[in-house]
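Colleague: starting from these lines, generate the structure:
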Amino acid sequence: MNIATLQERLIQKLKDKGITDERVLEAFRKVPRHQFVDSGMYMKAYEDNALPIGLGQTISQPYIVALMTQLLELDEKDMKILEIGTGSGFQTAILAQFSRRVYTIERHRELGERSRIRLRDMGYANVNFKIGDGTNGWPHWAPFNRIIVTAGAPVTPSTLAAQLADDGIMVIPTGSRDEQELMVYKKREDGLHSYSAGKVVFVPLIGQHGWDG
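Modeller: Numbers count the residues shown, from 1 in each chain. Take a look at the predicted model:
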């Protein structure tokens, strides 16, 4: 079975679960997920499951990647996006389809360097990489139109909320180490408005404004 067929099967699963943004689905067609996992897991890459990528981290379940991307309401190519938790780089590549520039932070140097090389070799020129504590954000490039956090925080770091631009949107899982609520924040003139998009389970967000390592 070829990759295109596997991709279409996955995309149909995403549709069945409520992903309606055609631009998000098209991004999944453009980004080959099997290139972000070890070769021994190629055949599992288009199943709707999270997969290990080493150092206790995972490449997120495709549905969660699609859901978080859809919740960001990415409708402008000149958006600046901050991603906390580069991981495999798959979510980064999806975001890069929509934005002028993605700024992504990974605390594990090995994962961050691996993803930087992978995305460079795949032709992505609109991504800035940083190794460090993502809970501090990236003040030098703030404010950001969109912020996405791909690890579970005990609470939403005020440092990240402060780096969100006016009319910006942030998506972040918050809660316990075992289960979180996927929170969506929208910054308006009268402050941050939030709602939960459902329960999720992520690896913990480690850092000064997250969980202790």
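Colleague: so which residues of this protein form strands?
Modeller: 51-54, 57-59, 80-84, 101-106, 127-131, 144-149, 164-175, 180-188, 191-200 (DSSP state E).
Colleague: can you list those in JSON lines and add distance to Ile11?
Modeller: The way it works is simple: take the backbone N, C-alpha and C, and place the C-beta from them, glycine included. JSON lines is the format used below for these (distance: least, C-beta to C-beta, whole Å):
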{"stretch": "strand 51-54", "distance to Ile11": "18"}
{"stretch": "strand 57-59", "distance to Ile11": "17"}
{"stretch": "strand 80-84", "distance to Ile11": "22"}
{"stretch": "strand 101-106", "distance to Ile11": "22"}
{"stretch": "strand 127-131", "distance to Ile11": "24"}
{"stretch": "strand 144-149", "distance to Ile11": "21"}
{"stretch": "strand 164-175", "distance to Ile11": "21"}
{"stretch": "strand 180-188", "distance to Ile11": "21"}
{"stretch": "strand 191-200", "distance to Ile11": "20"}
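Colleague: want to throw the ones you listed into CSV with distance to Gln91 and mean neighbour count?
Modeller: Putting the strands of the chain into CSV (distance: least, C-beta to C-beta, whole Å; neighbours: other C-beta atoms under 10 Å) gives the following:
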stretch, distance to Gln91, mean neighbour count
strand 51-54, 12, 16
strand 57-59, 8, 20
strand 80-84, 7, 25
strand 101-106, 9, 24
strand 127-131, 11, 18
strand 144-149, 7, 26
strand 164-175, 11, 20
strand 180-188, 14, 18
strand 191-200, 14, 13
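Colleague: now mean pLDDT too, for those strands, in JSON lines please.
Modeller: Compiled in JSON lines, the strands of the chain are given as follows (pLDDT from 0 to 100):
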{"stretch": "strand 51-54", "mean pLDDT": "94"}
{"stretch": "strand 57-59", "mean pLDDT": "93"}
{"stretch": "strand 80-84", "mean pLDDT": "97"}
{"stretch": "strand 101-106", "mean pLDDT": "98"}
{"stretch": "strand 127-131", "mean pLDDT": "98"}
{"stretch": "strand 144-149", "mean pLDDT": "97"}
{"stretch": "strand 164-175", "mean pLDDT": "97"}
{"stretch": "strand 180-188", "mean pLDDT": "98"}
{"stretch": "strand 191-200", "mean pLDDT": "96"}
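Colleague: can you say which of those is nearest to Pro32?
Modeller: For the strands of the chain, the distance to Pro32 is smallest for strand 57-59, at 12.6 Å, taking C-beta to C-beta.
Colleague: and the closest one, what other elements does it pack with?
Modeller: The criterion is 3 or more C-beta pairs under 8 Å, 6 or more residues apart in numbering; DSSP states H and E, and the helices and strands that strand 57-59 contacts are strand 51-54.
Colleague: if anything else comes up later, I'll come back, but that's it for now.
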